[in-house]
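> have a look at this fold, sequence not included:
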């Protein structure tokens with residue numbers, strides 16, 4: 001089920017409107033891509049899996065989620081050898 005998800009980004013068509021960098025949209029820069037809601041995942045590579053909102057790693061741009069929101073699981077909090085928490089539990093906010 002999660003193996004066939006598609007990023008919501010696609011490579012722009014045509015040439016860059018600037019002199020530097022110039023040339024075709026070839027995927028070299030983030031600006032070479034545009035988001036298309038009809039393609040699949042949202043702008044953050046988030047989608048639904050078994051009724052839960054989850055982030056996906058994809059085989060195409062942006063590969064790894066670029067923005068996160070929500071509260072991280074306790075699994076992401078490292079513990080020292082004595083069992084004390086190291087650092088803090090991160091909280092993410094959706095941007096945009």
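Sure thing, it's come through. Treat the numbers as computed from the prediction; the structure is a model and nothing was measured. Numbers count the residues shown, from 1 in each chain.

> and the gap between the most centrally placed residue in the chain and residue 47?
Nearest residue to the geometric centre of the chain (C-alpha atoms, centre = their mean): residue 65, 1.8 Å. Residue 65 sits 11 Å away from residue 47, going by C-beta to C-beta, to the nearest Å. Quick note: C-beta positions are derived from backbone N, CA and C, even for glycine.

> which neighbours do these two have in common?
Taking C-beta atoms under 8 Å, 6 or more residues apart in numbering as the criterion, residue 65 and residue 47 both touch residue 56.

> so what's residue 33 closest to, chain neighbours aside?
Of all residues not flanking residue 33 in the chain, residue 9 sits nearest, at 4.4 Å (C-beta to C-beta, 6 or more residues apart in numbering).

> ok, the one you found - how many residues close by?
Using other C-beta atoms under 10 Å, residue 9 is surrounded by 22 other residues.

> so who does it touch?
By C-beta under 8 Å, 6+ apart, the neighbours of residue 9 are 33-36, 39, 60-62.
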